[in-house]
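Visitor: Quick check, what structure comes out for this input:
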Amino acid sequence: MIAPSCSLLHTPFDLDLETVINPFVKNWMAFAKQKLNEINELARIIDGENDLLLENLKAISSRNVSPLIHKQEVKQQTAAITDEDANRISKFAERQKIQQQTFGLPLFPTTTIGSFPQTDDIRQLRAKLKKATYPRISTTSK
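Guide: Have a look, this model is predicted:
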């Protein structure tokens, strides 16, 4: 029995409906309809239809050598990386000073990635908010 290894529920329906994708890249992709066709083709390959296997191997090979994803300049730059590249030229204090001058960062900069630093007071207020035990403030004027 040949079947998908997972649900196709969240897979886009039909790659044929995509009209602006580069045809070379499109050949490497499969949406739900194409995945089901591939399953059918696997069964046919098992039954001896080697021409389907050769077509599939051509598609895989075209991706493996495509300049769209295999960029020689990136390979050369990566090959040229040395252990020395992992060492910073300047000390942290020097970099920090330059960043402060450039970005005007506060003493303890934070980002929205991850959790915000919280004081004990803030944690207690948030816990009360969750329990709805915080003091009610009237917004009506008297």
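Visitor: Put the alpha carbons of the helix or strand bottoming out on mean pLDDT in the chain into CSV.
Guide: When the helices and strands of the chain are scored by mean pLDDT, DSSP states H and E, helix 120-131 comes last with a mean of 83. Output of helix 120-131 as CSV, limited to C-alpha atoms (Å, rounded to 0.1, in the frame of the first residue of the first chain):
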residue,chain,number,x,y,z
ASP,A,120,8.2,41.5,41.0
ASP,A,121,5.6,44.3,41.1
ILE,A,122,4.8,43.7,37.4
ARG,A,123,4.5,40.0,37.9
GLN,A,124,2.2,40.4,40.9
LEU,A,125,0.0,42.9,38.9
ARG,A,126,-0.2,40.5,36.0
ALA,A,127,-1.1,37.6,38.3
LYS,A,128,-3.9,39.7,39.8
LEU,A,129,-5.1,40.7,36.4
LYS,A,130,-5.4,37.0,35.4
LYS,A,131,-7.3,36.3,38.6
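Visitor: Can you pull the poorly scored residue ranges out of the chain?
Guide: For the chain, residues meeting the criterion pLDDT under 70 lie at 111-117, 133-142.
Visitor: Now with 80, please.
Guide: 109-119, 132-142 (pLDDT under 80).
Visitor: Break down this protein into its helices, ranges please.
Guide: 23-26, 32-46, 50-65, 72-79, 92-103, 120-131 (DSSP state H).
Visitor: Run through who's touching the fifth one.
Guide: Helix 92-103 is contacted from outside by 88, 105, using CB atoms under 8 Å, 6 or more residues apart in numbering. (Glycine included, C-beta is placed from N, CA and C.)
Visitor: follow-up on the earlier one: closest to residue 1 out of the helices of the chain?
Guide: Among the helices of the chain, the nearest to residue 1 by CB to CB is helix 32-46 (9.4 Å).
Visitor: Alright, calling it a day.
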